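[1] Let's see this in three dimensions:
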Amino acid sequence: MNRRNFMGKVVLGGGTIASATLTGLPVHASQNRKSVTINESGKVLQADLIVAGAGLGGCAAAFAALRNGLTVVMTEETDWLGGQLSQQGVPPDEHQWIESHGAPELYRIFREKIRDYYKRYFPLTPEAASNKLLNPGGGSVSRLCFEPKVGHMVLEEMFAAYESSRKLILLKHHKVESAKVAGKRVQALTAKNLLTNKNVLLEGEYFVDATELGDLLPLTGTAYITGSEAKGDTGEFHAGVTHRPDNNQAFTVCFAIDYVKGEDWTIPKPSNYDYWRNFTPEMNPPWAGKMLELNYSSPKDLQPKELGFHPEGLKTGNSLNLMVYRKIISQANHQPGFYQGDATLVNWPQNDYVSGNIIDVSENEFKKHLDAGKQQSLSLLYWLQTEAPRPDGGKGWSGLRLRNDLMGTEDGLAKYPYVREARRIKALFTVKEEHVGAAQRAQVSGLEGKDLKAADFYDSVGIGYYHIDLHPSCGGDNYIDFGSLPFQIPLGALIPQETENLLPANKNIGTTHITNGCYRLHPVEWSIGEAVGMLVPFAISKKVSPKTVREDSNLLKEFQSFVRTQGIETAWPASVK
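    Prediction:
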């Protein structure tokens with residue numbers, strides 16, 4: 001589907017819509033005069049849809065609901081939109097087909113707007129400015145690396161008209177703390193302003209849990225699972241012997257640095273530096289050595305593997321130069337002399353925090369591990385500044401500068417930890433390794449070579465791809481990393497078994513610990529959110545539950561057709577293997 005056709009589509013319920021060229025969204029214009037209802041001097045907000053969490057899934061759900069005529073209230077714990085790509089400081093992890101397909105049309109429009117933002121406001125070289133596939137930061141991890149705050153600002157632009165008309169109210173610095181539930185339905189959420197400690201009651205017809213840890217699940221009594229499942233329960237090749245609910249992937253406190261040659265930007269020695277300098281994680285199979293060294297366990301075979309680091313971007317032999325890996329500012333793309341040096345985001349094996357679990361723990365326990373994760377990241381920076389080996393035989397790069405401005409924080413660390421795993425709903429359908437893992441899928445299907453493909457889900461409402469990539473866990477597992485196949489997103493994985501009007505839109509869908517490893521990445525999270533954001537207006541218009549949409553074959557076909565008209569692919573092209 002081309003962009004012009006996408007922007008001229010008809011919204012649910014019929015009628016002509018206006019194309020909003022600034023947002024790339026079809027807007028329900030004269031047919032929708034509703035706005036969020038505000039009662040009791042702002043103490044009570046009423047909307048069709050309440051979204052908790054303004055990460056990529058939450059934003060995508062809000063966009064989809066808004067363009068189809070619903071009113072939305074969305075909460076966000078920080079002051080930035082975008083979740084993992086902004087507040088958490090992780091450039092998009094994407095597949096090789098992303099420029100043309102394999103994600104919703106709106107996600108690709110968002111990517112175009114990132115590029116356009118740089119072309120409008122940054123002094124790019126003529127070559128960079130004319131490059132339709134510009135990678136602003138030039139990082140090797142993605143075709144599109146950029147500053148976290150740019151992602152946030154582009155999302156703000158895309159929401160601006162909806163906020164202005166009060167069809168959307170965005171509550172930053174708010175965290176949902178309790179829920180009112182009657183039977184199988186959620187009636188309201190109470191969110192606390194983290195700056196003032198004042199509460200606001202959020203009433204809606206539907207609710208979306210787009211939080212990073214699946215916070216609404218325990219609050220609403222929605223059944224869920226955590227940690228790694230037992231092989232006897234899932235039959236997965238890579239599952240463990242027993243169910244370990246506390247065994248979740250490492251989180252990471254990311255930060256940004258640049259390099260100013262000849263200057264000294266060494267930070268004060270972190271209080272726990274000596275501990276982290278000598279820390280050797282206990283894992284099975286064993287880690288490559290101490291955490292603060294330029295090596296790690298290769299994810300593919302778990303053998304020790306060397307890494308390189310040179311802040312000027314020079315070659316580091318056959319080893320990956322970590323400075324280039326997640327580079328978000330590239331001098332080469334800008335007019336000479338505009339930047340003092342390149343900048344990169346530090347989300348490396350060396351600052352993966354494996355020393356504790358942050359799911360289903362007290363606030364004090366969460367804070368304890370978060371603070372320790374911050375100390376680990378600051379210790380990594382101090383080690384790079386003072387002890388990292390240099391090609392000339394010396395130690396340390398004192399010109400490395402912590403860029404707190406790029407992260408929007410005083411301490412220079414990300415606003416929120418990069419979370420790879422959350423509570424997962426007990427869904428109508430659970431995606432397992434046999435559905436998407438290459439080796440197990442080959443065994444189950446009997447297919448191989450060009451004929452091998454992921455499971456066909458009759459209720460597909462999106463597609464995505466990433467290899468199955470599990471980072472070391474707090475339970476002592478080393479990397480679990482192996483091939484997957486371009487997959488579909490089944491509607492059944494987005495619907496809880498019991499709760500009727502709560503839907504997931506982050507890493508909390510019906511996957512296992514194993515398959516979460518390929519469904520947790522940026523474009524897939526967006527795809528999940530957009531499907532959920534369209535399911536709500538569809539279910540409301542038909543006066544049925546989301547479960548009924550899936551169970552009624554005619555409704556399901558109609559819903560799948562509906563999502564396809566708004567730029568969501570439900571099957572991979574036959575050419576993609």
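[2] which residues sit against stretch 567-577?
    Residues from elsewhere that reach stretch 567-577 (Cβ atoms under 8 Å, 6 or more residues apart in numbering): 1, 6, 9, 97, 101-106, 450, 452-453, 456, 460-463, 486, 488, 527, 530-531, 534, 560, 563-564. Every C-beta, even on glycine, is put in place using the N, C-alpha and C of the backbone.
[3] Just name the shakiest helix or strand of this structure by mean pLDDT.
    strand 18-20 (a mean of 36; mean pLDDT, DSSP states H and E).
[4] if we can go back for a sec, among the contacts of stretch 567-577, name the ones in strands.
    Judged by DSSP state E, strands contain the following of the contacts of stretch 567-577: 460-463, 488.
[5] And the furthest pair within those residues?
    Maximum pairwise distance among those (Cβ to Cβ): 9.2 Å, between Val461 and Ile463.
[6] So which of the two has more stuff around it?
    A count of neighbours by other Cβ atoms under 10 Å puts Val461 above the other of Val461 and Ile463, at 30 against 27.
[7] got a list of what the more buried one touches?
    The neighbours of Val461, taking Cβ under 8 Å, 6+ apart as the test, are 489-491, 494, 531, 535, 559-560, 563, 568, 570.
[8] picking up where we left off before, how about the ones in strands among the contacts of stretch 567-577 in JSON lines, adding pLDDT and distance to Arg401?
    Output for those, formatted as JSON lines (pLDDT from 0 to 100; distance: Cβ to Cβ, whole Å):
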{"residue": "Ser460", "pLDDT": "98", "distance to Arg401": "47"}
{"residue": "Val461", "pLDDT": "98", "distance to Arg401": "45"}
{"residue": "Gly462", "pLDDT": "98", "distance to Arg401": "40"}
{"residue": "Ile463", "pLDDT": "98", "distance to Arg401": "41"}
{"residue": "Gln488", "pLDDT": "98", "distance to Arg401": "44"}
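[9] and of these, the nearest to Ile358?
    Among the ones in strands among the contacts of stretch 567-577, Gly462 lies closest to Ile358 (Cβ to Cβ), at 28.1 Å.
[10] Distance check, the closest one against Ala60.
    Separation of Gly462 from Ala60 (Cβ to Cβ, to the nearest Å) stands at 10 Å.
[11] Give the residues shared as contacts by those two.
    Here Gly462 and Ala60 share the contacting residues 104, 527-528, 530, scored by Cβ under 8 Å, 6+ apart.
[12] In JSON lines: the ones in strands among the contacts of stretch 567-577, plus distance to Ser165.
    As requested, the ones in strands among the contacts of stretch 567-577 are exported to JSON lines (distance: Cβ to Cβ, whole Å):
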{"residue": "Ser460", "distance to Ser165": "33"}
{"residue": "Val461", "distance to Ser165": "28"}
{"residue": "Gly462", "distance to Ser165": "28"}
{"residue": "Ile463", "distance to Ser165": "32"}
{"residue": "Gln488", "distance to Ser165": "35"}
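[13] about what we covered before: which among the contacts of Val461 gets closest to Gly139?
    Distance to Gly139 across the contacts of Val461 (Cβ to Cβ) is lowest for Ile489, with 26.7 Å.
[14] if I read this right, that closest one contacts Trp526, doesn't it?
    No. Applying Cβ atoms under 8 Å, one finds Ile489 not in contact with Trp526, separated by 10.9 Å.
[15] Neighbour count: those two, which is higher?
    Between Ile489 and Trp526, Trp526 has the larger neighbour count (other Cβ under 10 Å), namely 30 against 23.
[16] residue contacts, that one?
    Contacts of Trp526 (Cβ under 8 Å, 6+ apart): 56-57, 59-60, 103-104, 106-107, 110.
[17] again with Ile495
    If you count contacts by Cβ under 8 Å, 6+ apart, Ile495 has them with 427-428, 503, 546-547, 550.
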